[in-house]
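1. I need the structure of the sequence given here:
(one chain, ligands or ions: 2)
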Amino acid sequence: MKKLIGPITQVLTMERLPLKGALKDEQLEILENAGILIEGEKILEVGSWQSLKKEFPQAELFELEGNFVAMPGLIDCHTHSCFGGSRAGDFAMRNAGKTYLEIAQAGGGIWDTVTQTRKLRLEELAEKTVLNANRHLSDGVTTIEVKSGYGLSVEEELKMLRAIQLANQSTPADLISTCLAAHMKPRDYEGTNSEYLQHISSELFPILKTEKLTNRIDAFVEKSAFSPEEIAPYFKKAREMGFDLTVHADQFTTGGSKVAVEFGALSADHLEASTASEIWLLTTSNTISVALPGASIGLGCTFTPARKLLDQGGALAIASDWNPGSAPMGDLLAQASILATFEKLSAAEVLAGITFRAAAALGLEDRGKLKAGLLADFVLFPTADYREILYHQGKMKPEMVWKIGSLEGG
Ligand code: NIG
Ligand code: FE
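-> Ligands and ions are numbered 1, 2, ... in the order given. Next up is the predicted model:
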């Protein structure tokens, strides 16, 4: 059954925009007084409301009243939204001037979340993940990457990834899982960093394949986590087994983006500490750069050099990094709008970063634009002018969220 949705004041198709480089708002394709024709899970056509109505008289009409701007469903290509506990204590300590080390010594940091997450049963963890996913969905995020990384043993990482798989069956949003067992060496592992990574790659990777738990491997390349030298054999093994790679890179110190580019990772995420040479490496590679403004806001740190990355021809996606430690806000649109004001990004650059450029960071080609043949994932904001969406800095929520051809909550 075909369904025709409209009339829509402005449809931002995100079509005919390059994957890489700076964008001007004039480059956005805006269809006025338009309709979106869908069949099942897919988009059949996007075009003039009047013409589509005439051409497809048998289509079921979903008539809108008032002004709306439609755009592709938002894609959050980096989250840690599967976790137990809270790190409000860390937040208070950090704002009181305590250092990373002092917070860790007081029982905070990633290890605190590992402890809280390990306490939960798989079903409880799945339930929390569904709540987070549904909150994101009502903000217009229809595809959400979710990392493990708070289990940090073969069994506990499996629990997390199975919980994400279970959550995916209980939310209309698409959850794309990633294994981040290389988040830090767990405190209860007796051995070196390299031994831990060797253990994970030989014991956990094969199960990820047989249970189809994820096709993505991430690593935190950082002084406090793993060095490029330690990660190299881990990534080599992952790549040999056919996993896609992504890296937590250059958050506080550099080194990670070089690993990402050398191993052909789909994305290098964070990049707050990237200097001219890392920016050059990234922008001359096929690895997508992912800015995580939520972590900069959460930690009170500098933003990813998004303007420079774009001006030098890079592909920039923007994600929330939603996690209990450094980015508790979990509001992709608000964070992307704030990044725009600090880094002087056009609306086209921001919207590309949370749609088709984010899809590319996940290796997904079936979403991120409003175009025939792609998934019918789109959101409708209650406004006549697309510029209002970012202008309200996250306060304007979509009035309707369509996921694979169904109106959510409708
Ligand atoms: O992406 N950078 C490392 N990992 C997370 C933070 C995780 C945590 O603090 O729990 C991040 O910011
Ligand atoms: Fe992260």
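
2. Where does this protein get nearest to ligand 1, residue-wise?
-> Nearest to ligand 1 in the chain, going by Cβ to the nearest ligand atom, is Gly325, at a distance of 2.4 Å. C-beta coordinates here come from the backbone N, C-alpha and C atoms, glycine included.

3. Counting neighbours, what do you get for that residue?
-> By the criterion of other Cβ atoms under 10 Å, Gly325 has 23 neighbours.

4. Over to Arg357?
-> Residues within reach of Arg357, counting by other Cβ under 10 Å, total 29.

5. just Leu407 next, same as before
-> The number of residues near Leu407, taken as other Cβ under 10 Å, comes to 13.

6. mind checking how far it is from Arg357?
-> When distances are taken as Cβ to Cβ, to the nearest Å, Leu407 and Arg357 turn out to be 26 Å apart.

7. Get me the contact residues on the protein for ligand 1.
-> 80, 110, 113, 220, 248, 251, 295, 321, 323-327 (Cβ under 6 Å from any ligand atom).

8. sorry, back to before: the residue of the chain closest to ligand 1 is in contact with Ala104, isn't it?
-> No - counting by Cβ atoms under 8 Å, Gly325 sits too far from Ala104 to count as a contact (10.7 Å).

9. nearest spatial neighbour of Lys159, skipping sequence neighbours?
-> If the residues on either side of it in the chain are set aside, Lys159 comes closest to Leu122, at 5.1 Å by Cβ to Cβ, 6 or more residues apart in numbering.

10. and that neighbour, what is it in contact with?
-> Going by Cβ atoms under 8 Å, 6 or more residues apart in numbering, Leu122 touches Lys159, Arg162, Ala163, Leu166.

11. do Tyr150 as well
-> Tyr150 neighbours (Cβ under 8 Å, 6+ apart): His80, Cys82, Phe83, Gly84, Ile110, Thr113, Val114, Gln116, Thr117, Arg118, Met160, His183.

12. So which of those residues is the closest to Ser257?
-> Using Cβ to Cβ, His183 comes nearest to Ser257 of those, at 17.9 Å.

13. For burial, what's the neighbour tally of that closest one?
-> Neighbours of His183 (other Cβ under 10 Å): 26.

14. cool, Glu190 as well?
-> Glu190: 8 neighbours (other Cβ under 10 Å).

15. From Ile176, how far out is Asp76?
-> To Ile176, Asp76 is 10 Å away according to Cβ to Cβ.

16. and the two? which has more neighbours close in?
-> A count of neighbours by other Cβ under 10 Å puts Asp76 above the other of Asp76 and Ile176, at 32 against 22.

17. Now do the contacts for the more buried one.
-> Taking Cβ under 8 Å, 6+ apart, we find Asp76 in contact with His136, Val141, Thr143, Ile144, Glu145, Ala319, Ser320, Trp322, Leu332, Ile354, Ala358.

18. Please apply the same query to Ala347.
-> Neighbour list for Ala347: Asp25, Leu28, Ala340, Tyr386, Arg387, Ile389, Leu390 [criterion: Cβ under 8 Å, 6+ apart].

19. Adding neighbour count, distance to Thr304 and pLDDT, write those residues out as TSV.
-> Output for these, formatted as TSV (neighbours: other Cβ atoms under 10 Å; distance: Cβ to Cβ, whole Å; pLDDT from 0 to 100):
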residue	neighbour count	distance to Thr304	pLDDT
Asp25	13	21	98
Leu28	21	23	98
Ala340	23	12	98
Tyr386	22	24	98
Arg387	12	23	98
Ile389	24	21	98
Leu390	22	17	98
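
20. Narrow those to those in helices?
-> Among the contacts of Ala347, the residues falling in helices (DSSP state H) are Ala340, Arg387, Ile389, Leu390.

21. if we take the residues you listed, which one ends up nearest to Met71?
-> Ile389 (7.6 Å).

22. just to revisit the earlier point, nearest to Val401 among the ones in helices among the contacts of Ala347?
-> Closest to Val401, out of all of the ones in helices among the contacts of Ala347 and judged by Cβ to Cβ, is Ile389, at 13.8 Å.

23. List the residues that contact the nearest residue to that closest one once chain neighbours are set aside.
-> In this structure, Ile389 finds its nearest non-sequential neighbour in Phe381, 5.3 Å apart by Cβ to Cβ, 6+ apart. By Cβ under 8 Å, 6+ apart, the residues touching Phe381 are Phe68, Val69, Ala70, Met71, Glu388, Ile389, Met396, Lys397, Pro398, Glu399.

24. ok, now Asn33?
-> For Asn33, the contact set (Cβ under 8 Å, 6+ apart) comprises Gly6, Pro7, Ile8, Thr9, Ser48, Trp49, Gln50.

25. and it, what helix or strand is that in?
-> Taking DSSP states H and E as the criterion, Asn33 maps to strand 30-39.

26. How far does that strand sit from its chain's centre?
-> Its chain's average C-alpha position is 26 Å from that of strand 30-39, according to Cα atoms, centre = their mean, to the nearest Å.

27. what angle do the very next helix or strand once past that strand and strand 30-39 make?
-> Counting by DSSP H and E, the element after strand 30-39 in chain order, helix or strand, is strand 42-48. Comparing the axes of strand 42-48 and strand 30-39 via axes from the mean of the first three to the mean of the last three Cα atoms, to 10 degrees yields an angle of 150 degrees.

28. Tell me which residues are up against the following helix or strand past strand 42-48.
-> Next in sequence after strand 42-48, counting helices and strands by DSSP H and E, comes helix 49-55. Under the criterion Cβ under 8 Å, 6+ apart, residues Leu4, Gly6, Pro7, Ile8, Asn33, Ala34, Gly35, Leu37, Glu45, Ala59, Leu61 lie in contact with helix 49-55.

29. Phi first, then psi, for the residue lying closest to Met14 once chain neighbours are set aside.
-> Spatial nearest neighbour of Met14, excluding adjacent residues (Cβ to Cβ, 6+ apart): Lys369 at 4.5 Å. Main-chain dihedrals, Lys369, degrees, to the nearest 10: phi -140, psi 160.

30. same question, Val401
-> In terms of degrees, to the nearest 10, the main-chain angles of Val401 are phi -130, psi 120.

31. Just give the number of residues close to it.
-> Neighbour count of Val401, defined by other Cβ under 10 Å: 25.
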